[in-house]
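[1] Sequence first, predicted coordinates after that:
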Amino acid sequence: MPQTTIYAAPRIGEQTPPAVATHELARLFGRSAALAGVSLSVERGAVVALLGPNGAGKTTLLRIVATALRPSFGSAEVDGIDVARRPDLVRGRIGYLSHATGLYDDLTAAENLRFAASMLGLPDGAASVDRALGEVGLTVDARRRVRGFSAGMRHRLALARLLLARLELVLLDEPHATLDADGMLLVDDVIGRWKAAGSTVLIASHQADRVSRLADGWARLDNGLLSEIGGNGVTALESARVGQPAMAGA
Amino acid sequence: MTGLRADAAIALAIARKDALAELRGRQIAGSTLFFATLVLLLFGFALGPDARRLAEAAPGLLWLAIVFGSLLVVARLHQQEAEDDALEVLVRYPVERHAIYLGKLLAGIGAVGVLGAVLLPVVGILYGIPLLPAWPALVATLVLGTIGLAAVGTFYAGVTVRMQAREVMLPLLMLPIVAPLLLACVKATAAAVSGNPLGDLAAWVQLLVVFDVVMVVAGAATYGHLLEE
C-alpha cells in the first residue's frame, strides 16, 4: 500500500525541487553506454518531449526515472528524492507506460485494472476501474480476457492503468505506437488532461511533429548524450555537456 | 490501514490474481498433475508387484512426485510475470517487497497443496498403504512440506525469473536446498503410515517447522532485492 508521506512545504526563499532532475546520468549495458552522462531538469507541471533516434537512450532514461532500472553512474531525482536510493518514496507518484504493457493475459480487462487498484491501495477501486475503462473506450470489453485483445487495445488498457490514480509524474514511452488514429487522439487528450491537472509528463517518441504539438519543451538525445534542448519546462543543468560525447564509446 | 494489514491485503491480492489466472488458463494444474501421477505410475512399474516393497517406497515416491511437481508450479507462477514484462509493473507498485513474496508464496502453497492433496490418495491406492488411520499426521506433514517447498521454490523462481535458462537453473538451485525437507517429509510420512513405531514422528515434524520458518523469513527478507533489475 502507498505510504502516506507528509512533505514540509518549502519555506520562503527556499526553492522547490524540479519534478525531475538528472545529474551526469549514465547506464552501461555490458561495455556499451545507453546513457553517457545526461544532466537535465524538468519543471513541475511541464510536458516535455524526449526525442532522438533508436538507441539514443530515451527509454533507458525513462526506466531509470521510473525506478525500473538502476543507473550505473550519476543520479536521477524526482521531487528532489534520489530514485535509486529511495525508490519506495517515489513509486506511488510515478506512472510509467512502456513498450510492454505488463498485463495478465488470462485475466479480463476489468480484473487487470482491479488488481492494479489493489496494489495502488485505492479505496474506491471498483469505481476507479469503471471510470478508467470508460476513459479509454474499453467499457464494452471490460469482461473480455486480455489474451484476445489487439495490440492497440492492450495499449489502451495499459493507459487506463495510469488513469486509476492521481499521478504527479507520468512517463510515456512511445505512447502513440500501435494505436489507430482514434487511439492517438485519445492519448493526446489524456496528456492534455494530465497537463491541466498539474502533472508533469515526459514523453519519449519518434513522432517529433505529434509530440511537439503537445509538449512545452523538448530535449534531444543522441548516443546517450543530450544533444539539443529547447522550449519551456526543460533545462540543461550547469554541469551538462550538451552535445559533447564525454563517455562515448565507454 | 496498518502496515501489517496492508501487507496482508497486498499478498492476498497477488495470490488471488495468480489463482484466478490459473483457474482461467489451467496451465499448471493439468500438466503438473499428469506429470506427477505419471512419475508415481512409472516408479510403481519399475518396483514390480511386490506389495511390501511398494509400501516401503511409497513415502519417498510420494514426496519425489510432489517435489518434481512443485518445480513446475513455482516456475509457472513466475513465468506469467515474465510474459509481457508484468514483473516490471509488479515491482514498481508502491508496496513492500516482502508482501510480494508472501503473495507469491500463498499462491505457491495453494497450488502445491492441491497437488499433494491429489497425490496422497493416489499413492494410497497405487501402493496399497493405509492412509485413514494416520490422516492427522499425514495432513500435518503435507501442510508443512507444502509450505517449505513453496517457500524455497518462490525464492528461487524469483532468482531465475529473468534468466534465459530458467527452466534448467530452477531445479539446479532448488533441489539441493530442499534435500533436508524431502528427507524430513519422507521420514515423517513413513512414521505416520507405520504407526510411529520408533516415536520419531515429532522430531521430523519439528525439523519441518524450523525449516519452514527459516525459509519463509529468509525469502521475505531477500526476495525484493532479487526482483530489482
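    Thanks, I have it. Residues are numbered from 1 along each chain as shown, chains lettered A, B, ... in the order given.
[2] and the residue nearest the centre of chain A, bridged to which residues?
    Taking CA atoms, centre = their mean, the centroid of chain A lies closest to A:Leu171, which sits 0.7 Å from it. Counting by DSSP bridges, A:Leu171 forms beta bridges with A:Tyr96, A:Leu202.
[3] Show me where chain A has its strands.
    A:20-29, A:32-42, A:47-51, A:73-78, A:81-82, A:94-97, A:169-173, A:200-204, A:217-222, A:225-231, A:234-236 (DSSP state E).
[4] what do you get for chain B?
    So, for chain B - with DSSP E - there are no strands.
[5] would you put the C-alpha positions of the helix or strand bottoming out on mean pLDDT in it in CSV?
    Counting by mean pLDDT, DSSP states H and E, chain B has its least confident helix or strand at helix B:29-47, which shows a mean of 87. Extracted C-alpha coordinates of helix B:29-47, given in CSV (Å, rounded to 0.1, in the frame of the first residue of the first chain):
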residue,chain,number,x,y,z
ALA,B,29,-3.0,-28.0,-13.0
GLY,B,30,-3.4,-30.3,-15.9
SER,B,31,0.2,-30.8,-16.9
THR,B,32,1.6,-30.9,-13.3
LEU,B,33,-1.0,-33.5,-12.1
PHE,B,34,-0.5,-35.6,-15.1
PHE,B,35,3.3,-35.4,-14.8
ALA,B,36,3.3,-36.2,-11.0
THR,B,37,0.9,-39.1,-11.5
LEU,B,38,3.0,-40.4,-14.3
VAL,B,39,6.1,-40.4,-12.1
LEU,B,40,4.2,-42.4,-9.5
LEU,B,41,3.0,-44.9,-12.1
LEU,B,42,6.4,-45.4,-13.7
PHE,B,43,8.1,-45.9,-10.3
GLY,B,44,5.4,-48.4,-9.5
PHE,B,45,6.1,-50.3,-12.7
ALA,B,46,9.8,-50.2,-12.0
LEU,B,47,9.5,-51.6,-8.5
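[6] Could you give me the buried positions within it?
    Using 16 or more other CB atoms under 10 Å in any protein chain shown as the test for burial, helix B:29-47 gives B:29, B:32-33, B:36-37, B:39-40, B:43-44. Yep, even glycine has a C-beta here, placed from its N, CA and C like the rest.
[7] now for the top helix by length along chain A, which elements pack on it?
    Criterion DSSP state H: the longest helix present in chain A is helix A:181-196. Identification of packing neighbours for helix A:181-196 by 3 or more CB pairs under 8 Å, 6 or more residues apart in numbering or on different chains; DSSP states H and E yields strand A:47-51, helix A:151-162, strand A:169-173, strand A:200-204, helix A:208-214.
[8] Now the first one: average pLDDT?
    Read it as strand A:47-51. The average pLDDT for strand A:47-51 rounds to 94.
[9] how far off strand A:169-173 does it point, in degrees?
    With axes from the mean of the first three to the mean of the last three CA atoms, to 10 degrees as the basis, strand A:47-51 and strand A:169-173 are set at 30 degrees to each other.
[10] Run me through the strand neighbours of strand A:47-51, direction for each.
    For strand A:47-51, using DSSP bridges, the partner strands are strand A:200-204 (parallel), strand A:217-222 (parallel).
[11] who's in contact with the first one?
    By that I understand strand A:200-204. Strand A:200-204 has contacts (CB atoms under 8 Å, 6 or more residues apart in numbering or on different chains) with A:19-20, A:42-50, A:58-59, A:61-62, A:65, A:168-175, A:191, A:194-195, A:211, A:214-215.
[12] Quick check: A:Gly102 vs A:Arg154, distance?
    Between A:Gly102 and A:Arg154 the computed distance is 10 Å (CB to CB, to the nearest Å).
[13] Quick one: residues contacting B:Phe68.
    B:35-36, B:39.
[14] ok so, going back, any idea which of the strands of chain A scores lowest on pLDDT?
    Among the strands of chain A, strand A:234-236 scores lowest, with a mean of 87.
[15] Partner strands of that one, with direction?
    Strand pairing for strand A:234-236, using DSSP bridges, gives strand A:32-42 (antiparallel).
[16] in the strand it pairs with, what counts as buried?
    A:33-42.
[17] Same question for stretch A:135-147.
    For stretch A:135-147, by 16+ other CB under 10 Å, it's A:135-136, A:138, A:141-142, A:145-146.
[18] can you list the residues of chain B near chain A?
    Counting by CB under 8 Å from any CB of the partner chain, the residues of chain B close to chain A are B:1, B:6-7, B:9-10, B:13, B:17, B:20-22, B:24-25, B:80, B:83-95, B:228-229.
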